[in-house]
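> Need coordinates for the following:
(2 chains)
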Number of protein chains: 2
Amino acid sequence: MTLLDQNHLDTALERGKAERLAFGGMAYARLTDEIRGVPKGSVVLPDGVVVPGYPSIARIQALDPGLGKQFDGPFWAEEKMDGFNIRIFAHEGEVHALSRGGFVCPFATDRMQDLLDPAIFEAHPNLILCAELVGPDNPYLEGHSPQVQEDVDLFIFDMMEQNREGFLSQEARMRYLREFNLPHAEIFGRFGPDDINKLGELILKLDEEGKEGLVLKPEDQSQRAKYVTGRSNTYDFSVTGEGLLDLPPEYFTNRLMRMGLFMAEHGQQQDHERLSELGHALMQGLFRAIEISKDHNRVGSPFRCRFNQRENAYRFIQHIEDTGGQRVKVYDKMPRQEGDYWVLEFERVHQRMTGFLNQALQGGRQFD
Amino acid sequence: MTLLDQNHLDTALERGKAERLAFGGMAYARLTDEIRGVPKGSVVLPDGVVVPGYPSIARIQALDPGLGKQFDGPFWAEEKMDGFNIRIFAHEGEVHALSRGGFVCPFATDRMQDLLDPAIFEAHPNLILCAELVGPDNPYLEGHSPQVQEDVDLFIFDMMEQNREGFLSQEARMRYLREFNLPHAEIFGRFGPDDINKLGELILKLDEEGKEGLVLKPEDQSQRAKYVTGRSNTYDFSVTGEGLLDLPPEYFTNRLMRMGLFMAEHGQQQDHERLSELGHALMQGLFRAIEISKDHNRVGSPFRCRFNQRENAYRFIQHIEDTGGQRVKVYDKMPRQEGDYWVLEFERVHQRMTGFLNQALQGGRQFD
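I've put the predicted structure just below:
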């Protein structure tokens, strides 16, 4: 059984809804659009095997009455990690990790040997692990959950199977996590639609700890919901201000909305410390950008990540050059060896910020 | 001499670059696009007389080196008022006021008798006064300069002539202001490109006073520049948060940029009070919107303004209904008499905020 046969894929390729790619010796296709119910970001391996895309999770912005409205039975609350989403699978005995968009990520794939015992794939070769790669030494995101303060770490939060729609049940996933001692996002327990107070306390605790929020999953893994902390918004502002004009402006307005709704739900409208933090967070990246612009005439965010294999660093450079809407500037003499690893340091250049700040700081005139 | 002859206007009307309108007995056309160098917002009166549009003023975001870069000789610094821009002219002995877009504004036109001595038009019938109408009882804007704490007041800041490009010289304008004792935006004096410190002190004083900023005008009124205070951004956030999703998102990101540049130029990066104010300002309108949504299932901003003539209130209602991208809800039994005036109270409904908050507060799920 397969979700897409060769004809469907050929048609999709012709219509520009899929593209052929390769990683090392493995040819594959990624779907750039939904095809016959198989979501965007899904990958088709050479033998027709489909690794389904990871679906978006809807957001709720009020526990009360959101829980009652969204769930009619028990659900599990798990930590939503701040990192990047990968799907890990084995193909001909080799472990690969896909990005959300359906690219084999040379970085994540390279690092799997450090982060994951492949025994699970020997026992269950069709399994797909959905996980967050979290930490400061990641090549995509400015921020990360506070649990990881160096390099990156892996947190599994869902499991799927090749050629099948949907997620493994909560019970099956938890059994595999235990059995294979796999690293995973924290599972806080089983709650019900009436547990507004308990979940309110939990989210406030996560908020204090600087964590991103919760994903709520019904037993049968059907309709999920995410619910994030107020401070996750402040945190995002504090790490992305250098890109104020390069990110979509809705990045900022949507987070202001979420923050306001969170504070209002938890009675924090008079919480001066939180409001003050918000103002500081919004300006601090911008102040850094202004200083950087004065010193270098260029605004960018530095990234650093490390690889076991030098070749994967080169593949990664190629990958970001091929996919980068943002211009990427790899520093000189990269990758460089550091212990057993190859370290890659580069910068994502914020092109609009660079242009705008250069012009403004040099005294130029601007029409709004 | 005229800037546009009848043929040009007819062509513009055919091509949808101008539209015919009327106010009372006066037919006129407004330009919805630039035509032969005559700017958008210009108006053509029945006898072919052109009232030119008010041009945009470019912004500088750094006094140093902006002054040196933009000016090679002396310029005047004047207060930039926070209100709405009108052009006042006389036609067949009647005083009219145009909005920026080139509509005869029934509100501003109605109130001219309270705010302006028409003697200037008897002496100079071709004169056009460019002015800001400022105050809480205005029908367009949520905020206003602090000088006016009730109703509205008039502040002239430029003069033009019918059928002529460009502004009157500084000297001529100041002479007329004195001679006819006209209300005007404050003129702080004559400065030069080296007066970075003096203007720095002046803008910080305006910032403390809650004022919007400066317009800098060279003697010959050619290339001007505006430079706004940091706190004008905070103020804008504090009064527009109810419309967070209805305003263009760049409204917010552009103001964050300006605020950051202002604070950095004036060494305020560590000014915790200002940063704290920013966080409070960004959330307070949103908190109001959430409360309003809970109480009324609708988010809007209330407006109030008053008219001498009842007919003008009706004309104004018609005007906002014709032009309103935002839905306007006029309250019941309006206009109502209050002393010698007809008071109009209405609400500009924030439709996206209304929909989003209703859905979020009722526990709905949203995909980003």
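> make it CA atoms for all contacts and neighbour counts henceforth
OK.
> Excluding chain neighbours, what is closest to the residue of the stretch 101-250 of chain A found nearest chain B?
With C-alpha to the nearest C-alpha as the measure, A:Pro249 is the residue of the stretch 101-250 of chain A nearest to chain B, at 5.5 Å. Spatial nearest neighbour of A:Pro249, chain neighbours left out: B:Pro249 (5.5 Å); criterion: C-alpha to C-alpha, 6 or more residues apart in numbering or on different chains.
> residues contacting the one you found?
A:Pro249, A:Glu250, A:Thr253 (C-alpha atoms under 8 Å, 6 or more residues apart in numbering or on different chains).
> May I see these organised as CSV, with pLDDT added?
Below are those laid out as CSV (pLDDT from 0 to 100):
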residue, pLDDT
A:Pro249, 98
A:Glu250, 98
A:Thr253, 98
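> Show me the longest helix that occurs in chain A.
helix A:272-296 (DSSP state H).
> helices or strands next to the following helix or strand past that helix in the packing?
Counting by DSSP states H and E, the next helix or strand C-terminal to helix A:272-296 is strand A:300-307. Packing contacts for strand A:300-307, counted by 3 or more C-alpha pairs under 8 Å, 6 or more residues apart in numbering or on different chains; DSSP states H and E, involve helix A:106-115, strand A:341-349.
> Who does the residue most central in space within chain A form a beta bridge with?
Geometric centre of chain A, nearest residue: A:Phe84, 2.4 Å, by C-alpha atoms, centre = their mean. Using DSSP bridges, the beta-bridge partners of A:Phe84 come out as A:Leu133.
> I figured it hits A:Val134, correct?
Yes: shown here, A:Phe84 and A:Val134 form a contact pair, counting by C-alpha atoms under 8 Å, at 6.7 Å.
> Mind putting the contacts of B:Pro249 into a markdown table with secondary structure?
Shown next, in a markdown table, are the contacts of B:Pro249 (DSSP: H, G, I helix; E, B strand; the rest coil):
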| residue | secondary structure |
| --- | --- |
| A:Pro249 | helix |
| A:Glu250 | helix |
| A:Thr253 | helix |
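> A:Gln6: which of those is nearest?
A:Glu250 (39.2 Å; C-alpha to C-alpha).
> What's the local residue count around the closest one?
15 (other C-alpha atoms under 10 Å in any protein chain shown).
> With mean neighbour count, mean pLDDT and distance to B:Ser238 as extra columns, can I get the helices and strands packed on strand A:300-307 in a markdown table?
What follows is the helices and strands packed on strand A:300-307, written out as a markdown table (neighbours: other C-alpha atoms under 10 Å in any protein chain shown; pLDDT from 0 to 100; distance: least, C-alpha to C-alpha, whole Å):
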| stretch | mean neighbour count | mean pLDDT | distance to B:Ser238 |
| --- | --- | --- | --- |
| helix A:106-115 | 20 | 98 | 44 |
| strand A:341-349 | 20 | 97 | 32 |
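> Any figure for the gap between A:Phe307 and chain B?
33 Å (C-alpha to the nearest C-alpha, to the nearest Å).
> what's the answer for A:Arg352, then?
From A:Arg352 to chain B the distance is 12 Å (C-alpha to the nearest C-alpha).
> now that we're looking at that residue, how far away is A:Asp246 from it?
Taking C-alpha to C-alpha, to the nearest Å as the measure, A:Arg352 falls 6 Å from A:Asp246.
> Same check on A:Glu338?
Distance from A:Glu338 to A:Asp246, counting by C-alpha to C-alpha: 32 Å.
> Look at these two and report which has more neighbours.
A:Asp246 (16 against 10).
> Is A:Leu115 in contact with A:Leu154, as I believe?
Yes: A:Leu115 lies in contact with A:Leu154 (C-alpha under 8 Å); the separation is 6.3 Å.
> Would you mark the buried spots in stretch A:174-187?
Across stretch A:174-187, burial judged by 16 or more other C-alpha atoms under 10 Å in any protein chain shown covers A:Met174, A:Leu177, A:Leu182, A:Pro183, A:His184, A:Ala185.
> can you check stretch A:222-233 too?
Residues A:Arg224, A:Ala225, A:Lys226, A:Tyr227, A:Val228, A:Thr229, A:Gly230, A:Arg231, A:Ser232, A:Asn233 are the ones in stretch A:222-233 that count as buried (16+ other C-alpha under 10 Å).
> can you check stretch A:359-367 too?
Of all the residues in stretch A:359-367, those buried under the rule 16+ other C-alpha under 10 Å are A:Gln359, A:Ala360, A:Leu361, A:Gln362, A:Gly363, A:Gly364, A:Arg365.
> what's the average pLDDT for stretch A:182-189?
Taken as a whole, stretch A:182-189 has a mean pLDDT of 98.
> Correction: the previous question concerned stretch A:214-232.
Regarding stretch A:214-232, the rounded mean pLDDT is 94.
> same question, stretch A:28-45
Computed over stretch A:28-45, the mean pLDDT rounds to 96.
> That one and chain B in contact?
No: judged by C-alpha under 8 Å from any C-alpha of the partner chain, stretch A:28-45 stays clear of chain B, getting no closer than 15.2 Å.
> what's in contact with that stretch?
Contact with stretch A:28-45 is made by A:3-4, A:12, A:16-22, A:26-27, A:46, A:50-55, A:100-103, as judged by C-alpha under 8 Å, 6+ apart.
> 7 Å - rerun?
Around stretch A:28-45, the neighbours that count as contacts under C-alpha atoms under 7 Å, 6 or more residues apart in numbering or on different chains are A:17-22, A:27, A:46, A:50-53, A:100-103.
> Going by neighbour count, which of those comes out on top?
Going by other C-alpha under 10 Å, A:Val51 tops the contacts of stretch A:28-45 with 28 neighbours.
> Would you confirm that that residue contacts A:Arg164?
No: A:Val51 is not in contact with A:Arg164 according to C-alpha atoms under 7 Å; the separation is 8.2 Å.
> What parts of chain A come near chain B?
Contact residues (C-alpha under 7 Å from any C-alpha of the partner chain) of chain A with chain B: A:58-62, A:64-66, A:69, A:244, A:249-250, A:253, A:260, A:264, A:275-276, A:278-280, A:283, A:286-287, A:360-367.
> ok, back up a step: the contacts of B:Pro249 into a markdown table, with extra columns for distance to A:Arg327?
Shown next, in a markdown table, are the contacts of B:Pro249 (distance: C-alpha to C-alpha, whole Å):
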| residue | distance to A:Arg327 |
| --- | --- |
| A:Pro249 | 19 |
| A:Glu250 | 21 |
| A:Thr253 | 25 |
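> how many neighbours does A:Ile196 have?
18.
> phi, psi of it?
Phi and psi for A:Ile196, reported as degrees, to the nearest 10, are phi -60, psi -40.
> Distance from the chain centre to stretch A:289-301, please.
27 Å (C-alpha atoms, centre = their mean, to the nearest Å).
> Give me the mean pLDDT for it.
95.
> Show me what counts as buried in that stretch.
Of the residues in stretch A:289-301, A:Ala289, A:Ile290, A:Glu291, A:Ile292, A:Ser293, A:Asn297, A:Arg298, A:Val299, A:Gly300, A:Ser301 count as buried by neighbour count, 16+ other C-alpha under 10 Å.
> and if you look at stretch A:21-31?
Buried residues in stretch A:21-31, defined by neighbour count with 16+ other C-alpha under 10 Å: A:Tyr28, A:Ala29, A:Arg30, A:Leu31.
> Quick one: end-to-end distance for it.
Start-to-end, stretch A:21-31 (C-alpha to C-alpha) is 11 Å.
> Stretch A:127-146 now?
From its first residue to its last, stretch A:127-146 covers 29 Å (C-alpha to C-alpha).
> Quick one: low-confidence residue ranges for chain A.
Residue ranges of chain A with pLDDT under 70: A:1-2, A:324-326.
> ranges for the helices of it?
A:6-14, A:63-70, A:106-115, A:119-123, A:170-179, A:196-208, A:230-240, A:249-265, A:272-296, A:310-323, A:351-361.
> Switch these over to JSON lines; also include distance to A:Asp332.
JSON lines is the format used below for the helices of chain A (distance: least, C-alpha to C-alpha, whole Å):
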{"stretch": "helix A:6-14", "distance to A:Asp332": "37"}
{"stretch": "helix A:63-70", "distance to A:Asp332": "50"}
{"stretch": "helix A:106-115", "distance to A:Asp332": "19"}
{"stretch": "helix A:119-123", "distance to A:Asp332": "38"}
{"stretch": "helix A:170-179", "distance to A:Asp332": "42"}
{"stretch": "helix A:196-208", "distance to A:Asp332": "40"}
{"stretch": "helix A:230-240", "distance to A:Asp332": "25"}
{"stretch": "helix A:249-265", "distance to A:Asp332": "32"}
{"stretch": "helix A:272-296", "distance to A:Asp332": "16"}
{"stretch": "helix A:310-323", "distance to A:Asp332": "13"}
{"stretch": "helix A:351-361", "distance to A:Asp332": "20"}
